[in-house]
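# starting from these lines, generate the structure:
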Amino acid sequence: MSDALGVITEILAEQFEVDQAVLRPETTLEELELDSLALLEFSLVLAERTGLRVSDEDVTRDLTLRQIAEWIETGRDLAEAGLRT
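From the prediction side, this is the model:
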């Protein structure tokens, strides 16, 4: 598991009490059934933990944990990383 993926799974498990057994790289945020408020909070915590600029519009339900980790590892915004248009 990459460091970025580890950060994501740690946030989801600790902050949102998601069972780590379901946190696979191909899991989408939609599959985790996070509501819009939880997605906003996830965006804020992710920004705080990574030091990257994260907009609540960047983190959408269709993203996989792998895509988010790849974006973190590049250190670029999601549009630059090719994950958002």
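
# surely Asp62 and Thr27 touch.
No. The criterion here is Cβ atoms under 8 Å, and Asp62 misses it with Thr27 at 11.7 Å. Placement of C-beta: from N, CA and C, glycine included.

# more neighbours, these two?
Neighbours per residue (other Cβ atoms under 10 Å) separate Asp62 from Thr27, with Thr27 holding more: 18 against 9.

# pLDDT at the residue lying closest to that one once chain neighbours are set aside, what is it?
Closest residue to Thr27 apart from its sequence neighbours, by Cβ to Cβ, 6 or more residues apart in numbering: Leu65 at 5.3 Å. Looking at Leu65, its pLDDT reads 97.

# same deal with Thr50?
88.

# so what's Phe42 up against?
Counting by Cβ atoms under 8 Å, 6 or more residues apart in numbering, Phe42 makes contact with 11-12, 15-16, 29, 34, 59.

# residues in contact with Ile72?
Taking Cβ under 8 Å, 6+ apart as the test, what Ile72 contacts is 4, 7-8, 46, 50, 52.

# just the buried residues out of those residues, in PyMOL syntax.
One line in PyMOL is enough to select the buried members of the contacts of Ile72, burial here meaning 16 or more other Cβ atoms under 10 Å:
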select buried, resi 4+7+8+46+50+52
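
# spatially nearest residue to the most centrally placed residue in the chain (excluding sequence neighbours)?
Of all residues in the chain, the one closest to the mean position by Cα atoms, centre = their mean is Ile68, 4.8 Å from it. The shortest distance from Ile68 to any non-neighbouring residue, by Cβ to Cβ, 6+ apart, is to Ile8 (5.7 Å).

# now the helix or strand containing the one you found: buried residues?
Element membership for Ile8 (DSSP states H and E) is helix 3-16. Going by neighbour count (16+ other Cβ under 10 Å), the buried part of helix 3-16 is 4-5, 7-9, 11-12.

# name the helices or strands packed onto that helix?
helix 36-50, helix 65-74 (3 or more Cβ pairs under 8 Å, 6 or more residues apart in numbering; DSSP states H and E).

# thank you, goodbye.
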